[in-house]
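Novice: Model the structure of this input:
(4 chains)
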2 protein chains.
Amino acid sequence: MAVRTSCTVADNHCKCFEALTEEQTALLEKKQVTVEYNKGEIIAKHGSFASHVIFVCEGLVKVYIEHGKEILILKIISPGNLIGLSSLTEGEDTFQYSAAAYQRSIAKLIDITTFKHLIRENGLFASRVISILGENSNQINNRFFCLTHRQSYGRLANLLLCLSERVFKSEQFELDLTRKELAELAGMSTENVIRILKKFQEDDLIILKGKNIELHNIDAMQRICDLG
Amino acid sequence: MAVRTSCTVADNHCKCFEALTEEQTALLEKKQVTVEYNKGEIIAKHGSFASHVIFVCEGLVKVYIEHGKEILILKIISPGNLIGLSSLTEGEDTFQYSAAAYQRSIAKLIDITTFKHLIRENGLFASRVISILGENSNQINNRFFCLTHRQSYGRLANLLLCLSERVFKSEQFELDLTRKELAELAGMSTENVIRILKKFQEDDLIILKGKNIELHNIDAMQRICDLG
DNA sequence: TAAAAACATTGATCTATATCAATATTATGG
DNA sequence: CCATAATATTGATATAGATCAATGTTTTTA
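Specialist: Residues are numbered from 1 along each chain as shown, chains lettered A, B, ... in the order given. Have a look, this model is predicted:
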């Protein structure tokens, strides 16, 4: 069984809003604001008051938990996905993780009280939200497995495949992430990322031109991802 | 911030059933069966058809994902908790993880179609289920952080504290888990568990008598858990 | 209760990967 | 466009923890 599927990049259908009536949609529109974030800006802060859930419209966002200087990236969010659903939990009024923009991003901040109200009122909406939460869990569990059970080559191969497939949707892409950011995502040191990328290039698995990466042998990359 | 909270042992309030009407409760009663499992028996199998969600009434259960021979324990479930909520996801009709009994356990298998029906019908029930899913996520994220960012001493300290606090609810307990099972839980080799337990004993942090473990200095253990 | 199997312990190695240090390259602000 | 900072690269070294191997102990089973 391939480990890759939905490993690092959350790509949920997020069909919950389709379940709302026109009236409910109108209510929700009134109870949200659209905000633009620059590269590097914090969208949600672990521990701060969660007055809203976040719908990412444009850009690329990392979701992570932090304890002091240590951080763990839980997932990357591309447009069309929600952040902060785990703060819907009763008695939990703070964000359980942080989110930050990798690049210029636009998000809608939806009032959490209204969101909760709609869950109570609209069973189909609620069940769609439950779907998304379940998908989130599965994605994070896969990433958990990958980071704990795969060695560095496998983890980096996995990350490159995820980025190619789910973020850039192409085998060749301009990677505006630093080596340090790649390292953080793959759970290893920056130097190790560099050495492994070099090795992948020597083995004709990728073609590196500065920030541009082309996956040259997806099958072999997939094998590294699955086995190592 | 302490990493321990809800790290390995899921201990959700699981108040969702209180939200049901008498009628709905009666319906659910009819649509469930009670099953007893012996030590080691599989309660749910990753990839198999998820026709039900599982409510643990008695015993101790591990929830884990497996790829071939490799396994990753996501959490330990004590009585009063649900397993399989992530299979409520639309279009997902298989278990996304396995569950097995550590000891003789009793569980109720609740028909998933009825469960889904109640979510649609009863908004409060739905929101309680969402609460549980959110708590589950937070617990697994904490465990994810612990296993990836803490060294072996910290991970084992964390595990002992979790077991003491949440499973046995005592500083002294009869541990009917093998060293291999502890190793699996703390994400390390069996030999390493043995060596670290020995070190803990030498440092007067624990008192080991066969299977009986007494945490002798909780504060120091907590410090190891937080720092290492 | 004897034999077999499972589990626990100890010591000796091996290795993946982090860390450290030095240098090269690229980006950025005045 | 230069200066300075940030990032990337390379090599050398250190180490946590796995793996291997051998032995002792407990549990199960026949």
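Novice: Kindly list the longest helix within chain A.
Specialist: Ranked by residue count, the top helix of chain A under DSSP state H comes out as helix A:123-149.
Novice: The following helix or strand past that one and DNA strand C, are they touching?
Specialist: Once the chain leaves helix A:123-149, the next helix or strand it forms, by DSSP states H and E, is helix A:152-162. Yes. Counting by C-beta under 7 Å from any atom of the strand, DNA strand C has neighbours in helix A:152-162: A:152-153. Backbone N, C-alpha and C define where each C-beta goes, glycine included.
Novice: just to revisit the earlier point, give me the buried positions along the longest helix of chain A.
Specialist: Residues of helix A:123-149 classed as buried by neighbour count (16 or more other C-beta atoms under 10 Å in any protein chain shown): A:123-147, A:149.
Novice: and it, is it in reach of DNA strand C?
Specialist: No. Helix A:123-149 is not in contact with DNA strand C by C-beta under 7 Å from any atom of the strand; minimum separation 10.1 Å.
Novice: Distance of the closest residue to A:Tyr97 other than its chain neighbours relative to A:His46?
Specialist: Distance criterion C-beta to C-beta, 6 or more residues apart in numbering or on different chains; nearest residue to A:Tyr97, sequence neighbours excluded, is A:Ile65 at 4.7 Å. Per C-beta to C-beta, to the nearest Å, A:Ile65 is found 6 Å from A:His46.
Novice: Spell out which residues are contacts of both of the two.
Specialist: In terms of C-beta atoms under 8 Å, 6 or more residues apart in numbering or on different chains, A:Ile65 and A:His46 are both contacted by the residues A:96-98.
Novice: Quick check: of the residues you listed, which has the highest neighbour count?
Specialist: The residue in these with the most neighbours, by other C-beta atoms under 10 Å in any protein chain shown, is A:Tyr97 (25 neighbours).
Novice: tell me what the lowest-mean-pLDDT helix or strand in chain A is packed against?
Specialist: The least trusted helix or strand in chain A, going by mean pLDDT, DSSP states H and E, turns out to be strand A:9-10, with a mean of 85. Contacts defined by 3 or more C-beta pairs under 8 Å, 6 or more residues apart in numbering or on different chains; DSSP states H and E place strand A:9-10 against strand A:70-77, helix A:123-149.
Novice: For my notes, confirm A:Val63 occurs in a strand.
Specialist: Yes. Applying DSSP: H, G, I helix; E, B strand; the rest coil, one finds A:Val63 inside a strand.
Novice: Could you list the contact residues of chain A toward DNA strand D?
Specialist: Checking chain A against DNA strand D by C-beta under 7 Å from any atom of the strand, the hits are A:178-180, A:190-191, A:194-195, A:197-198, A:208.
Novice: can you pick the most crowded of those?
Specialist: Most surrounded of the residues of chain A next to DNA strand D: other C-beta under 10 Å gives A:Leu197, at 18 neighbours.
Novice: In three-state terms, label it for me.
Specialist: Strictly by three-state DSSP, A:Leu197 counts as helix.
Novice: excluding its backbone neighbours, what's nearest it?
Specialist: Distances taken as C-beta to C-beta, 6+ apart place A:Leu208 nearest to A:Leu197, at 6.3 Å, with adjacent residues excluded.
Novice: what residues are up against the one residue sitting closest to the centre of chain A?
Specialist: By C-alpha atoms, centre = their mean, chain A has its centre lying nearest to A:Ile76, at 1.9 Å. Residues near A:Ile76 by C-beta under 8 Å, 6+ apart: A:8-10, A:60-63, A:102, A:162, A:167, A:185.
Novice: So which of the residues of chain A next to DNA strand D sit within strands?
Specialist: Secondary structure from DSSP state E places A:Leu208 of these in strands.
Novice: Pull the number of nearby residues for A:Cys7.
Specialist: Neighbour tally, A:Cys7, other C-beta under 10 Å: 27.
Novice: close enough to count as contact, it and A:Leu160?
Specialist: No. Counting by C-beta atoms under 8 Å, A:Cys7 stays clear of A:Leu160, with 11.2 Å between them.
Novice: who in chain A is up against DNA strand C?
Specialist: Proximity of chain A to DNA strand C is confined to A:151-153, A:187-189, A:191-192, A:210-211 under the rule C-beta under 7 Å from any atom of the strand.
Novice: Retrieve the pLDDT associated with the residue nearest to A:Leu197.
Specialist: Reading off the confidence values, A:Leu208 has pLDDT 88.
Novice: Same check on A:Val3?
Specialist: Predicted confidence (pLDDT) for A:Val3: 47.
Novice: still on that earlier bit, export the helices and strands packed on strand A:9-10 to CSV and append columns for distance to A:Leu28 and mean pLDDT.
Specialist: Output for the helices and strands packed on strand A:9-10, formatted as CSV (distance: least, C-beta to C-beta, whole Å; pLDDT from 0 to 100):
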stretch, distance to A:Leu28, mean pLDDT
strand A:70-77, 20, 94
helix A:123-149, 10, 95
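Novice: just to revisit the earlier point, what about chain B: which of the buried residues of helix A:123-149 touch it?
Specialist: When contact is defined as C-beta under 8 Å from any C-beta of the partner chain, those meet chain B at A:123-124, A:126-131, A:133-138, A:140-145, A:147, A:149.
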